[in-house]
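Undergrad: Show me the folded form of this:
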Amino acid sequence: MECPANEREKAAVLMDYFARKLDPNSSLAMERHLEHCAACQEWMRRQQMVWSALDGWEAAAVSPDFDRQLYQRIAREERPPFWSGLFRPAFSLALASLVLLAALLIRPLPPQAAGPPQQAHVESLDVDRLEKALDDVEMLRQLNLAPSTEPQSM
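TA: Numbering: from 1, shown residues only. The predicted structure is shown next:
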């Protein structure tokens, strides 16, 4: 018989022998092998130490309100973060308006020329920015229309 302690694939035979799951012929062959194999004898000695330690081990007592504490912790973990409620339509519209206002105020005013007032002329870039901001607000509004499992509060 080849030594099962030398090959990982065959080590299951040692476990089966120790658990008394081998058929009588295989069990007899393993006993003969154990009489002469120091590696398998050492493996069996260590396995017996492990099982003895496990037999003597007692699990810690569970507190009476363990289930309640567990479910509370799960609920805390599943609760959405505080900032997730910030992206509601009203907030999105206000934010887009502030960004648009800031963009208009930050841009320097053109110098006043002496002469008759010129007709105001709207740059297409500002219209494009406004259109993009409105598209973003509409996209955010559609995202918030998706069905959710929790009641939404503001």
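
Undergrad: Tell me, what's the model's pLDDT at D128?
TA: pLDDT for D128: 74.

Undergrad: Could you give the number of residues near it?
TA: Counted with other C-beta atoms under 10 Å, the neighbours of D128 add up to 10. Every C-beta, even on glycine, is put in place using the N, C-alpha and C of the backbone.

Undergrad: which strands and helices sit next to the biggest helix by length in the chain?
TA: Secondary structure of the chain per DSSP state H: the longest helix is helix 124-144. Counting contacts by 3 or more C-beta pairs under 8 Å, 6 or more residues apart in numbering; DSSP states H and E, helix 124-144 packs against helix 89-106.

Undergrad: Tell me how far the helix it packs on lies from the chain's centre.
TA: 34 Å (C-alpha atoms, centre = their mean, to the nearest Å).

Undergrad: now swap in stretch 27-36 and tell me
TA: 50 Å.

Undergrad: likewise stretch 10-24?
TA: 40 Å.

Undergrad: Restricting to C-alpha, output that stretch in PDB.
TA: Extracted C-alpha coordinates of stretch 10-24, given in PDB (Å, rounded to 0.1, in the frame of the first residue of the first chain):
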ATOM      1  CA  LYS A  10      -4.800  10.000  -0.900                       C
ATOM      2  CA  ALA A  11      -4.900  11.700   2.500                       C
ATOM      3  CA  ALA A  12      -8.700  11.300   2.500                       C
ATOM      4  CA  VAL A  13      -8.100   7.600   3.100                       C
ATOM      5  CA  LEU A  14      -6.600   8.500   6.500                       C
ATOM      6  CA  MET A  15      -9.500  10.700   7.400                       C
ATOM      7  CA  ASP A  16     -12.000   7.900   6.400                       C
ATOM      8  CA  TYR A  17     -10.000   5.400   8.400                       C
ATOM      9  CA  PHE A  18     -10.000   7.700  11.400                       C
ATOM     10  CA  ALA A  19     -13.700   8.300  11.100                       C
ATOM     11  CA  ARG A  20     -14.300   4.500  10.600                       C
ATOM     12  CA  LYS A  21     -15.900   5.000   7.200                       C
ATOM     13  CA  LEU A  22     -13.700   2.500   5.300                       C
ATOM     14  CA  ASP A  23     -14.900  -1.000   4.400                       C
ATOM     15  CA  PRO A  24     -13.400  -3.900   6.400                       C
END
